[in-house]
Each structure stands twice: as C-alpha cells, then as structure tokens.
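Peer 1: Have a look at this fold, sequence not included:
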C-alpha cells in the first residue's frame with residue numbers, strides 16, 4: 001500500500017474516532033492496542049500495510065457498520081475478516097453488548113459510604129416504570145474523584161447489566177468545547193448497534209431512537225463530566241437502563257424532572273487520604289514519616305487529585321524525605337505549581353480549577369475571586385456581600401451558583417467555605433488586580449468593625465470610646481443583633497476571621513479600623529477565655545496604633561494586653577511592662593480614667609509576681625481614681641483585686657469587707673459576668689479565714705453564675721477550687737462529683753487543666769474513707 005492509501009486509512013480512523021467521541025488513549029484501551037499503534041495508523045506511519053488484526057479490533061471498537069467496514073476494506077485493498085474479530089461487530093442481525101467502561105482505578109481508596117449508597121440506590125431498581133432511572137449526578141469540586149468513583153462503582157456493579165455498559169465523556173469542563181448532545185446521541189446509537197446510515201439527523205429523532213433501541217435492554221450508561229442538565233437530558237434512555245452522571249455542577253433539573261438521586265462528594269477523610277498516599281508511594285515510606293505524611297495530606301486539602309500529584313512528586317525522588325515535600329507544599333505561593341505535572345492539562349491543578357472558573361458567569365466569578373481574601377473557615381452571606389460590594393440578595397444568589405458549581409461548600413446553613421487549594425487559586429486570581437483586592441478588604445474590614453460595634457453594645461453596657469471608621473458603602477449593611485445571645489454567637493462564629501483581619505491590615509487607611517475591631521471584640525474574647533486570640537489582636541493593634549500615631553488608641557490596647565499576658569505562661573514580665581507603658585501614656589495625656597484602668601491591671605500583675613505591697617498600692621490608687629471619676633462599678637473591680645492582695649498579706653478582715661462590697665456593687669452592675677471572679681475572690685477570703693461553709697456557698701454561687709452567664713474561662717477553675725474546698729471540709733464524695741463535672745467540661749473545651757483534675761480524682765481514690773464509729777459495748 002502506498003503513502004496515499006495510508007493517509008486515507010489514517011483520515012478514516014481519525015474521522016470515526018472523533019465521531020465516537022474518543023481520544024486516542026480511549027480508543028487504544030477499548031481496542032486492546034497501544035496508543036503508539038493508534039498514533040502511527042492515524043499519521044500514516046504504519047511501517048507498511050496495516051496489520052489485519054489491528055484493523056479488525058479497531059472496527060469492532062468503533063462499532064463500524066457494513067458500509068464503513070467496506071470503506072475501510074477498500075482503503076487497505078481487501079475486506080477485514082470479521083470472523084477473526086474477537087469483539088464481534090455489531091451487525092444488524094446480531095448485537096454485541098458494548099463494554100466501554102474505562103479501566104477501574106488502580107488503588108482505589110475509601111468512598112465506602114458512597115459506594116454503599118450507590119448500591120442501595122441500585123438495589124431499589126426495577127422494571128415497569130416508564131421513566132428512566134438516573135442513579136445520580138455525582139457532583140463535587142474539581143479533582144475530588146467523581147469519575148474515579150463512578151468508574152469504580154460501574155465495574156463493581158456491571159454484572160447487573162448483561163446488555164452492556166456505555167461510556168461517554170461529555171467534556172463539560174476542560175479544554176475545547178463540550179460535546180453536543182446530538183453528537184453524543186449518534187455515538188451512543190452506533191454503540192447500541194444502530195448502523196451509521198440509520199442514525200437520524202435531528203437530535204429529537206436520535207433521542208427517541210435511543211429510547212426505543214434500549215427500551216428492553218439492561219444497560220448501564222456512564223455520562224462523565226457533564227456541563228449541565230441540558231446536556232444530559234436528551235441522552236436519557238428508557239426504563240430498563242440505569243444512568244450514572246458525573247458533573248462539577250449539581251444537576252438539580254435532573255432531580256426535579258427525572259427523579260435523579262444526588263450524591264455529593266466531599267474530600268477524603270484523613271485516614272483514607274493517608275492510605276491513598278501510602279498506596280501510591282509505599283506504606284513503609286509513609287509509616288517512617290507519619291507527621292510529614294499527615295502534613296502533606298492536610299496541605300493537599302485531602303483532595304484525591306492533589307494527593308496523587310503530590311505522590312507523583314514523591315515517587316520521582318524516592319530518596320527525598322517526605323518532610324521536604326511537606327515544606328515545599330507549605331509555601332502557599334508555590335503550592336499549585338508543585339501540584340502540577342506538565343504532561344497534560346488534566347494533571348495541572350491550576351488548569352483543572354480554571355476549567356471550572358471559566359464556566360462561571362461574571363458575577364459568580366467575581367464573587368469566587370474575592371472569597372479567596374476571606375481568612376475565616378466560613379463566610380456568611382453579609383460578609384460575602386461586603387467583600388464583593390453587592391447587596392446581600394445578589395451575594396446569596398452568587399454563592400448558591402458557586403455552591404451548585406462545586407466551587408465552594410455550605411457546611412453549615414448560610415456559611416460558605418472554600419477548601420484550601422481553591423482558596424489559593426482564588427487568591428492568585430484576585431491578587432492580579434491590586435485595586436480590587438484592596439477595595440474588597442477595606443469593605444470587609446469596615447463591615448466587621450460596624451457589626452462588632454453592634455455586637456459589643458449588646459454584650460457590654462459600658463461605652464467603648466473608640467474611633468469607629470466610616471460606614472461601608474451604600475448597599476453594604478452590617479449585621480444587627482436582637483439580643484446578647486445572637487451577638488455572642490456571631491463573635492464565636494467569626495473569631496478566627498476577626499483575628500486574621502486585625503492582623504492583615506497593612507496600609508494607613510485600614511490600620512485604625514483593624515485596631516478598633518480587635519478592641520470591640522475584646523470583652524467577649526475575655527469572657528470566653530480566648531487568651532491567645534486576645535494576645536494576637538492586641539499585639540497587632542499596638543503595631544497599627546503606633547504606625548498611625550494614635551497614642552490614645554495605643555494606650556488602650558497596651559492596657560488590654562495585660563489580660564492575656566496575665567493568663568498565658570511566660571508573659572509575667574510583659575504583663576507588667578505593657579501596663580506601665582500604657583500608664584505612662586495616659587499620664588502624659590492627662591486621662592485619669594485610663595490611668596485607673598492601667599493601675600487596676602498593674603496591681604494584678606504585681607500580685608501574680610508576689611509583689612504584694614506594690615499590688616496593694618496600685619489597687620488603692622485605682623480605686624481612688626475611679627471614685628473621683630464617679631465610677632462605682634470599676635471602683636468595685638479595684639476593691640475585688642485589693643481584697644485578693646490583702647488576703648495574701650494576712651489582712652483577712654479588711655479583705656472580707658472589700659470583697660463583700662465588690663460583690664454587692666458588681667452583682668447589680670451593667671457587666672454581670674464580672675460577678676464570677678468577684679465571688680471567687682470572696683470565697684477565697686472565707687477560706688483563708690477558716691469559714692469553710694461560707695467559702696463553699698460562695699464557690700457554688702460562682703459556679704452557678706459562670707454557667708448562667710456562659711463565663712467559660714471560669715467554668716473549670718472555679719469547680720476545681722470548689723472541689724478543693726469540699727475536700728478540705730471532708731466532703732470527698734461531693735468533691736469527686738464536682739471534679740468529674742470539671743473534667744467533662746475541660747475535655748469538651750480542650751482545657752489544659754485535664755491532667756490536674758485527673759490527679760485530684762486519683763488522689764481522692766487513694767485516700768481511705770474514715771472508719772465508721774464503733775458501736776457501744
């Protein structure tokens with residue numbers, strides 16, 4: 001055969017392969033040939049006459065009809081021997097069931113629940129229903145393993161489909177245009193045994209013929225990578241077939257109109273993700289560096305595609321420690337590049353994400369980009385609206401479209417989340433436009449500051465006297481709270497985002513708002529005992545205040561920093577230094593109330609350092625300044641602290657009077673949560689005076705107040721103290737019950753006092769009970 005004939009064969013093969021919607025790799029797999037053979041045949045470089053067996057296999061794999069086979073025979077100068085065709089050509093008088101599934105995924109890991117769910121759905125299938133049975137649009141974000149699950153389950157279930165399995169890659173997301181439904185129908189009809197010359201021209205006619213052809217056949221159809229429901233609906237057969245669809249989009253129209261069952265994939269559980277890594281690079285390698293392996297899993301966001309790409313990098317350098325790969329992935333600016341292989345677009349994580357991004361409408365695309373700037377674990381609709389600069393109604397609609405496109409998740413109602421790799425991809429896009437990036441951050445910061453101001457007003461009656469930044473632009477509305485519970489829940493949900501937002505401000509226009517945001521949420525952080533968060537926002541706030549030259553704001557924040565420093569180990573000196581620095585600024589500015597506040601905290605710092613005389617002097621000066629200002633409440637705070645110092649100095653009676661007065665004033669004041677530490681101080685004074693019953697009563701009252709007012713940072717320590725007092729009074733049984741409750745709370749909240757409580761409980765168990773009194777003779 002000459003070169004012209006070879007090119008003719010190659011042209012025919014390319015035409016038929018494209019008509020069947022197959023890549024060279026897919027045709028090679030279906031025919032049982034190598035990709036190299038397919039490429040050589042199509043290019044005309046076959047090294048002589050094409051091998052007859054190869055052409056027979058290709059004719060069967062392409063489901064060529066009699067006319068096409070004759071055309072191929074003419075091109076090679078003879079008719080292929082169909083009797084030698086192991087696949088059996090789909091002749092009109094003898095249909096051979098198609099076996100088109102791609103190979104099962106090697107080393108398929110996890111997804112047991114999803115496979116079981118698909119099994120359960122299939123277990124309910126039966127004849128008699130005229131509507132097609134659609135198992136699912138299996139949806140999920142890019143790289144999450146939708147196709148792998150679908151193919152794996154299809155192989156797992158194929159024995160239930162004796163009339164064959166059809167597979168069509170609809171190319172909804174990827175390079176090039178999605179497959180048109182009429183082209184997909186033509187390929188499916190030929191695979192179902194319909195001769196090419198009998199395939200109708202119109203899409204509706206093709207769809208009707210597919211339903212007729214498959215009406216009595218038990219066939220599994222896998223429609224992979226669908227763009228939307230409209231691409232799928234014409235491809236649905238009659239009732240005897242089962243359809244499995246995968247898509248990055250939630251195909252809700254299939255559920256509404258065709259009763260499709262939805263299966264939404266999540267990232268792999270950590271255990272399965274580690275197992276996938278071990279299967280790919282070797283279990284011994286993972287077990288020798290378990291911490292590094294876990295870090296790689298976390299940095300890959302437990303996304304199967306990312307994990308396989310990371311595994312490929314690790315496999316390329318078998319002698320390289322996993323900790324080095326983990327360190328490389330930890331550099332977020334290079335992580336997406338590290339999780340890419342240049343051989344093809346579908347092994348480039350950025351390309352895979354871009355295919356999803358390019359399918360978004362402009363409003364959803366803009367929302368996706370700016371969401372990358374939000375630092376929290378979840379973003380609310382109002383916060384997203386502030387980021388994008390749109391009304392909440394428009395923001396909610398864009399978020400829903402992103403959720404339906406599997407570009408984000410709604411793990412809790414009304415709170416949306418990007419996984420880490422998509423967040424980095426979004427950040428990389430938005431940071432290409434510095435103006436958009438700065439404007440979005442500024443809007444979000446002002447939204448948080450104004451919302452936090454309303455939350456603080458619900459939680460604390462004392463005015464804050466902070467410089468609130470200008471309101472957000474028109475149409476961006478901060479949240480407003482109906483009661484203190486709603487306000488507290490908002491700060492609880494947003495605490496991580498608030499800490500990061502306070503830290504990120506780096507220009508003059510945003511620094512003041514960031515510092516103010518930290519101070520507005522400080523009282524609630526205090527009640528929750530979030531000492532680390534208070535330290536971070538306090539130190540960042542000082543930096544912001546110094547940068548903008550606001551001495552008063554700097555003094556307020558430095559004074560507040562003494563609280564977390566006083567509760568965190570290793571910060572005793574810093575506690576004294578920050579209080580002194582704040583006091584010096586307030587003295588220079590002539591602000592007496594600020595001086596009193598600093599003296600209050602400085603006295604506590606001296607007390608912790610066992611500098612009791614200095615502590616007493618500082619608290620007395622604070623009390624006097626507050627009284628001169630007419631502030632009875634804060635004078636009571638000073639009295640409470642003074643009582644604690646006096647106890648240490650052995651002045652018990654004087655301490656008792658101050659402690660009782662402090663409780664009396666604070667109990668009826670506008671900041672009720674302050675009564676808990678005041679009651680603890682009073683109980684300590686009673687205990688020091690040897691009045692155990694009074695001490696127990698005060699501790700019990702403090703426990704009740706801490707629970708009622710949700711003063712979490714006191715919930716465990718006050719119970720420890722109550723238990724100690726009960727044990728000192730000989731009530732070991734009651735002490736044990738109190739400590740058990742403290743242990744339950746500590747475990748639930750990750751309190752570091754768990755070991756201390758366990759030691760106390762063990763000591764009670766070791767202490768013998770007193771012998772019962774002997775009976776009289």
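Peer 2: Arrived safely. What you see is a predicted model, and the numbers here were worked out from it, not measured in a lab.
Peer 1: by contact count, what packs against the biggest helix by length in the chain?
Peer 2: If you go by DSSP state H, the chain has its longest helix at helix 434-459. Applying 3 or more CB pairs under 8 Å, 6 or more residues apart in numbering; DSSP states H and E, one finds that helix 434-459 makes contact with helix 362-371, helix 381-388, helix 420-430, helix 484-504, helix 508-528. The way it works is simple: take the backbone N, C-alpha and C, and place the C-beta from them, glycine included.
Peer 1: And those helices: which comes nearest residue 259?
Peer 2: Counting by CB to CB, residue 259 lies closest to helix 362-371 out of the helices and strands packed on helix 434-459; the figure is 27.6 Å.
Peer 1: Residue 717 touches residue 753, doesn't it?
Peer 2: Yes: Residue 717 lies in contact with residue 753 (CB atoms under 8 Å); the separation is 7.1 Å.
Peer 1: More neighbours: these two, which one.
Peer 2: residue 717 (19 against 16; other CB atoms under 10 Å).
Peer 1: What ranges in the stretch 501-650 of the chain fall below the confidence cut-off?
Peer 2: 508 (pLDDT under 70).
Peer 1: isn't there a helix covering residue 263?
Peer 2: No: with DSSP: H, G, I helix; E, B strand; the rest coil as the criterion, residue 263 is strand rather than part of a helix.
Peer 1: which stretches of the stretch 51-200 of the chain form helices?
Peer 2: 52-61, 66-76, 112-123, 146-157, 181-191 (DSSP state H, counting those that start in this stretch).
Peer 1: among these, where is the model least confident on average?
Peer 2: Here these differ in mean pLDDT, and the lowest is helix 52-61 at a mean of 71.
Peer 1: So which bits of it are buried?
Peer 2: Across helix 52-61, burial judged by 16 or more other CB atoms under 10 Å covers 54-61.
Peer 1: Export the residues you listed to a markdown table and append columns for distance to residue 17.
Peer 2: Converted to a markdown table, those look like this (distance: CB to CB, whole Å):
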| residue | distance to residue 17 |
| --- | --- |
| 54 | 14 |
| 55 | 13 |
| 56 | 16 |
| 57 | 13 |
| 58 | 9 |
| 59 | 12 |
| 60 | 14 |
| 61 | 9 |
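Peer 1: any idea which of these is closest to residue 762?
Peer 2: In terms of CB to CB, no member of the buried residues of helix 52-61 lies closer to residue 762 than residue 61, at 72.5 Å.
Peer 1: Touching, that closest one and residue 24? I think so.
Peer 2: No: using CB under 8 Å as the test, residue 61 is too far from residue 24 to be in contact (11.9 Å).
Peer 1: in this protein, which helix or strand is least confident?
Peer 2: strand 133-139 (a mean of 68; mean pLDDT, DSSP states H and E).
Peer 1: Domain map for the chain?
Peer 2: 3-84, 112-264, 270-345, 360-432, 438-646, 672-766 (automatic domain parsing).
Peer 1: could those be laid out in a markdown table, adding distance to residue 105?
Peer 2: Below are these laid out as a markdown table (distance: least, CB to CB, whole Å):
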| stretch | distance to residue 105 |
| --- | --- |
| domain 3-84 | 13 |
| domain 112-264 | 5 |
| domain 270-345 | 10 |
| domain 360-432 | 20 |
| domain 438-646 | 36 |
| domain 672-766 | 38 |
